[in-house]
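S.K.: Take this sequence and fold it.
(2 chains)
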Amino acid sequence: MTMTNPNDDMLDDVFAQARGTSPVPSDALMARVIADADAVQPRAVAAPVARPRLMMRMLDTIGGWPAVSGLAMATVAGIWVGVAPPASVQDVTAAMMGDEVSINLFTTDLILDAGALGDG
Amino acid sequence: MNASPDPFVGAEDAALLVAYANGDGQAARYLTARLLPRVLAQATRMLGNGSDAEDVAQDAMMRLWKVAPDWRQGEAQVSTWLYRVVANLCTDRLRKRRGGVSLDQVAEPADPSPGAVAQMQTQARMMALSDALAQLPERQAQAVSLRHLEGLANPEIAQIMDISVRSVESLTARGKRALADIMAGRKAELGYDDDEPE
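M.R.: I've put the predicted structure just below:
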């Protein structure tokens, strides 16, 4: 047999009344809570995009540092071929452009010949 | 509050919280509409005082907004988290109140009609219950309120309080017994005769 404690009965009744309490939040409370939410809401901040410097943008246009090193190598090789052309290059040049001819416009023979014409 | 249909219908509370943290302006409104009534109800049942309960409800929701950026979906339920926060905030208030207030705070109704008297008696009982909770050790007060005022099951209370189910059972049993003893002294003034609750 179970003994019923009258104090428990009272307590259970009070509990039941408490569970039946369902207050509706007032408009003012809702507004305060939403205002709090707005006040502390994290804002989405776009990360600033760093603008590349002019030099870097030019480099990017031609293909970056690898392209620059290639250009430098080609330039040095071109100058070297101009200064000291290998024999094979000279032969090719002669074949394409004809034999090399040197003309001296101020040779002493021509001057002398002109004098001879005057005398003659 | 908002008459437009909830665009987050079917979404979990945690998903709305993440949307809020990501800057969604509407998420907080719908989350407030979903959660605030239960938060306010829990605080009102524990504190027996509408004004204190509103303060606690606003404070609990503010803590939710602040934790939103760090919220990890899947780790905890928003409702579980809120039960814990509200219970803690309420026991903080009860501790400060300890020493007794209660019936003196319930104003006499200007029109003592039967309805008004009954409402006043209910209010007096809720205040007496809250004062009695204030006399309990905090963990007992939390366990008893979650079990008997919120009607939660022991495993859920264990999760909220981060203790074992056995501990919940022990806390609620001891807490209820102590509460009954405290309330017994106020039986007559709360309108209960010796035989039967009204």
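S.K.: what comes up buried for stretch B:144-153?
M.R.: Using 16 or more other CB atoms under 10 Å in any protein chain shown as the test for burial, stretch B:144-153 gives B:144-150, B:152. The C-beta positions use only the backbone N, C-alpha and C, and glycine is treated the same way.
S.K.: Now the worst-scoring helix or strand of chain B on mean pLDDT: buried residues?
M.R.: For chain B, the helix or strand with the lowest mean confidence is helix B:114-135, at a mean of 89 (criterion: mean pLDDT, DSSP states H and E). Within helix B:114-135, the residues that count as buried by 16+ other CB under 10 Å are B:121-135.
S.K.: Please go through those residues and note which also touch chain A.
M.R.: Residues of those in contact with chain A (CB under 8 Å from any CB of the partner chain): B:122, B:125-126, B:128-129.
S.K.: what residue ranges in the chain are flagged as low confidence?
M.R.: Reading this off chain A. Chain A contains residues with pLDDT under 70 at A:1-6, A:44-59, A:65-66, A:68, A:70-71, A:81-82, A:88-94, A:96-120.
S.K.: Chain B, not that one
M.R.: Low-confidence regions of chain B, defined here as pLDDT under 70, cover residues B:1-5, B:99-112, B:114, B:194-198.
S.K.: what's residue B:157 in contact with, if anything?
M.R.: Under the criterion of CB atoms under 8 Å, 6 or more residues apart in numbering or on different chains, the contact partners of residue B:157 comprise B:143, B:146-147, B:168, B:172.
S.K.: if we can go back for a sec, for the next helix or strand after the least confident helix or strand of chain B, which residues meet the burial criterion?
M.R.: From helix B:114-135 onward toward the C-terminus, using DSSP states H and E, the following helix or strand is helix B:138-144. Buried residues in helix B:138-144, defined by neighbour count with 16+ other CB under 10 Å: B:138-144.
S.K.: Grab the nearest non-local neighbour of residue B:127.
M.R.: Ranked by CB to CB, 6 or more residues apart in numbering or on different chains and with sequence neighbours excluded, the top spatial neighbour of residue B:127 is residue B:48, at 4.2 Å.
S.K.: Which residues are in contact with the one you found?
M.R.: By CB under 8 Å, 6+ apart, the residues touching residue B:48 are B:123, B:126-131.
S.K.: In TSV: these, plus distance to residue B:79.
M.R.: What follows is the contacts of residue B:48, written out as TSV (distance: CB to CB, whole Å):
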residue	distance to residue B:79
B:123	28
B:126	23
B:127	27
B:128	28
B:129	23
B:130	23
B:131	28
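S.K.: quick one: which of those residues is nearest to residue B:192?
M.R.: Using CB to CB, residue B:128 is the member of the contacts of residue B:48 that lies nearest residue B:192, at 10.6 Å.
S.K.: any idea which residue sits dead centre in chain B?
M.R.: Averaging the C-alpha coordinates of chain B gives a centre point, and the residue nearest to it by CA atoms, centre = their mean is residue B:42 (2.1 Å).
S.K.: if I look at that residue, how far off is residue B:159?
M.R.: 16 Å (CB to CB, to the nearest Å).
S.K.: and what of residue B:179?
M.R.: For residue B:179, the distance to residue B:159 (CB to CB) stands at 23 Å.
S.K.: higher neighbour count, these two?
M.R.: Here residue B:179 and residue B:159 are set side by side on neighbour count (other CB atoms under 10 Å in any protein chain shown), and the busier one is residue B:179, at 25 against 18.
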